[in-house]
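1. sequence and predicted model, in that order:
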Amino acid sequence: MAGSFEPIVVPKHQSMAPPLENIIISLYAKGMSVSDIEEELYEIYGYKLSTSAISITTDKVNQRLLDWQNRPLESVYCVVWMDGIVFKVRQAGKVINKTIYLAVGLNREGYKELLGIWLGQNESASFYSPLF
C-alpha cells in the first residue's frame with residue numbers, strides 16, 4: 001500500500017465516522033456488494049473494515065428507505081406533479097434508457113413533498129402508479 005492516509009476520528013457514542021459511512025453508502029448505492037466495498041475501502045483508502053460492519057451501515061440505509069416508503073401521506077395535496085428522469089444503464093452488455101418517475105405534492109403548508117419514486121423501463125405516458 002502506497003502513500004500515507006489521514007486518520008478518521010470516530011465521534012463519541014458512534015461506531016463509525018460520518019465520512020467513512022458516506023463512502024460506504026455511496027459505494028453501496030452504485031451497486032457494489034459488501035465484500036467489494038470491503039476490498040475497495042482497503043485498496044483505495046487503507047481502511048480495513050469487516051463485512052459485518054459494512055452490512056450494519058447498509059442495513060441502516062435500507063431501514064430508513066423502508067421507513068420512508070411506509071410513512072403516512074397527507075389526505076389532500078393542493079397540487080401533484082408527475083415527472084420522469086431518463087438515464088442510461090448497462091444491462092446485459094447493452095446500454096439502455098431507464099426512467100425514474102417522481103410524484104411530488106404541494107402540501108397545505110406550501111411545502112413540496114416527494115410522494116413516491118418508481119423505476120420504469122423507458123419514458124412513457126402510459127406509466128401506472130398505485131399512488132393514483
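-> Structure received.

2. middle-most residue in the protein, spatially?
-> Ala29 (5.2 Å; Cα atoms, centre = their mean).

3. any idea how far that one lies from Cys78?
-> As defined by Cβ to Cβ, to the nearest Å, Ala29 lies at a distance of 32 Å from Cys78. C-beta here means a position set from N, CA and C on the backbone, and glycine is covered the same way.

4. just Gly120 next, same as before
-> Gly120 is 26 Å from Cys78, by Cβ to Cβ.

5. the more surrounded of the two?
-> Neighbour tally, Gly120 and Cys78, criterion other Cβ atoms under 10 Å: the higher count belongs to Gly120, 17 against 11.

6. in contact with that one, which residues?
-> Each residue near Gly120 by Cβ atoms under 8 Å, 6 or more residues apart in numbering is listed here: 84, 98-101, 127.

7. which regions of the protein sit below the pLDDT cut-off?
-> Scanning the chain for pLDDT under 70 picks out 1-18, 122-132.

8. what are the ranges of the helices in this protein?
-> 18-29, 34-40, 51-69 (DSSP state H).

9. could you check the angle the longest one makes with helix 18-29?
-> This means helix 51-69. Here the directions of helix 51-69 and helix 18-29 differ by 80 degrees (axes from the mean of the first three to the mean of the last three Cα atoms, to 10 degrees).

10. centre of the chain to helix 51-69, how far?
-> 10 Å (Cα atoms, centre = their mean, to the nearest Å).

11. quick one: residues in contact with that helix.
-> Contacts for helix 51-69 (Cβ under 8 Å, 6+ apart): 15-16, 21, 24-25, 28, 34-35, 37-38, 41.

12. looking at those residues, which is nearest Gln91?
-> Tyr28 (19.5 Å; Cβ to Cβ).

13. just give me the neighbour total for the closest residue to the closest one other than its chain neighbours.
-> Among residues not flanking Tyr28 along the chain, Thr58 sits closest, at 4.9 Å (Cβ to Cβ, 6 or more residues apart in numbering). By the measure other Cβ under 10 Å, the count of residues near Thr58 is 18.
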